[in-house]
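Engineer: Requesting a structural model of the entry that follows:
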Amino acid sequence: MKNEMIKELDNRIKKLENHQHDDDYRQENPYDNVRQAVSFVINDALLMELKDLKDFASHLDN
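Structural biologist: Now for the predicted structure:
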């Protein structure tokens, strides 16, 4: 179970990292720029949480 959980966390971390810089350019519409900024903030926070959860899970006893 532990290894399956870590494997799933790795998959989700990899997906976030692969899309971390999607749409990494300025838009003409200021609302699109705000949406992009919020997306980056959420992505970074979620990525950090998943890595912390993986670290916690890896230290659990089998």
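
Engineer: Nearest to the spatial middle of the protein, which residue is it?
Structural biologist: The structure's the chain has its C-alpha centroid closest to Leu47; by CA atoms, centre = their mean the separation is 3.0 Å.

Engineer: How much space separates it from Asn29?
Structural biologist: 26 Å (CB to CB, to the nearest Å). Where you see a C-beta, it was placed from the backbone N, CA and C, and this is true even at glycine.

Engineer: picking that back up, could you measure from the residue nearest to the centre of the chain over to Ile6?
Structural biologist: Plainly put, Leu47 is 16 Å away from Ile6 if you go by CB to CB.

Engineer: what's the answer for Ala37, then?
Structural biologist: Using CB to CB, we find Ala37 at a distance of 31 Å from Ile6.

Engineer: So for these two, which sits in the more crowded spot?
Structural biologist: Ile6 (16 against 10; other CB atoms under 10 Å).

Engineer: Please, which helix or strand holds Lys14?
Structural biologist: Take DSSP states H and E as the rule and Lys14 turns out to sit in helix 2-18.

Engineer: For that helix, buried residues please.
Structural biologist: By neighbour count with 16 or more other CB atoms under 10 Å, helix 2-18 contains the buried residues Ile6, Leu9, Ile13, Leu16.
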